[in-house]
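Q: Predicted model follows, preceded by the sequence.
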Amino acid sequence: MVDPALYLIPVPLSDVPPAQVLPAPNLALVSHLRHFVVENVRSARRFLKRCDPSIDIDSLTFAELNGHTPATAVEALLAPLERGEAVGVISEAGCPAVADPGADVVAIAQRRGWRVVPLVGPSSILMGLMGSGFNGQSFAFLGYLPIDAPGRARKLKEMVRRIDHEDQTQIFIETPYRNERLLADLVQQLPPRLRLCVATDITGPAERIVTRTIRQWSGTALQVGKVPTIFLLYK
């Protein structure tokens, strides 16, 4: 039996067994939940089965919350919680509600006074920061940079200003197939003195976290690959 609450359930960042990166209490909890709000039903079902192969997936209810979900439909996703039943939130990777649409249901739960329980799990943003050697006291996660060249150039200038004047680490991501294009843009447009950390496949078998100056990156083959990557910039 699980107490009524909105449980925020982290998932692995890469294709590794859940027990390798998630605490045992998380794995035990998901076996007792019957209602889930998920970013993608198929991958959520697969994750739950990997947590506990004995789970009867067909007895569970899943409601999707992603970029296609109308704002007017979000509150209805928490109907089980309204009835006093526990609900789990599962994202595609990492921690729910961090750079993730799960934040919308958390906001509703908080407004309604329902208990919210964030569980321990991997965050690529924080793990990339931990491995970078950059300022962990002041940092900003910017999400995706603009795709258009003028917009991206303006954003990069703003990031440099924040680094120089606010002593703030800048953290951002890109769609994996555009990783190498972004890295090339960074090398071409940023001051050579700045340091860039490229953290790929965090917690996965090909994990690689490398910090170099922009000048040093310019002298290497810019091969990141089409894998989830976090970029961090600092002085």
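A: Looks like it came in fine. Numbering: from 1, shown residues only.

Q: Give the buried residues for the helix or strand harbouring R111.
A: Per DSSP states H and E, R111 falls inside helix 103-112. Neighbour-count burial for helix 103-112 flags D104, V105, V106, I108, A109 (criterion: 16 or more other C-beta atoms under 10 Å). Using the backbone N, CA and C atoms, a C-beta is placed for each residue, glycine as well.

Q: which ones are touching the residue sitting nearest the centre point of the chain?
A: Centroid check for the chain by C-alpha atoms, centre = their mean gives G94 as the closest residue, at 4.7 Å. G94 sits next to P10, V11, L13, D100, G121, P122, S123, S124, I125 when contact means C-beta atoms under 8 Å, 6 or more residues apart in numbering.

Q: Same list (these) but as TSV, adding neighbour count, distance to L194 and pLDDT.
A: Shown next, in TSV, are the contacts of G94 (neighbours: other C-beta atoms under 10 Å; distance: C-beta to C-beta, whole Å; pLDDT from 0 to 100):
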residue	neighbour count	distance to L194	pLDDT
P10	24	31	96
V11	27	33	94
L13	23	26	92
D100	19	28	85
G121	20	31	94
P122	20	27	94
S123	19	24	95
S124	24	21	94
I125	20	19	96
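
Q: okay if I get the residues you listed as TSV plus distance to R154 and secondary structure?
A: Conversion of the contacts of G94 to TSV gives the following (distance: C-beta to C-beta, whole Å; DSSP: H, G, I helix; E, B strand; the rest coil):
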residue	distance to R154	secondary structure
P10	34	coil
V11	34	strand
L13	30	coil
D100	26	coil
G121	35	coil
P122	32	coil
S123	28	coil
S124	25	helix
I125	23	helix
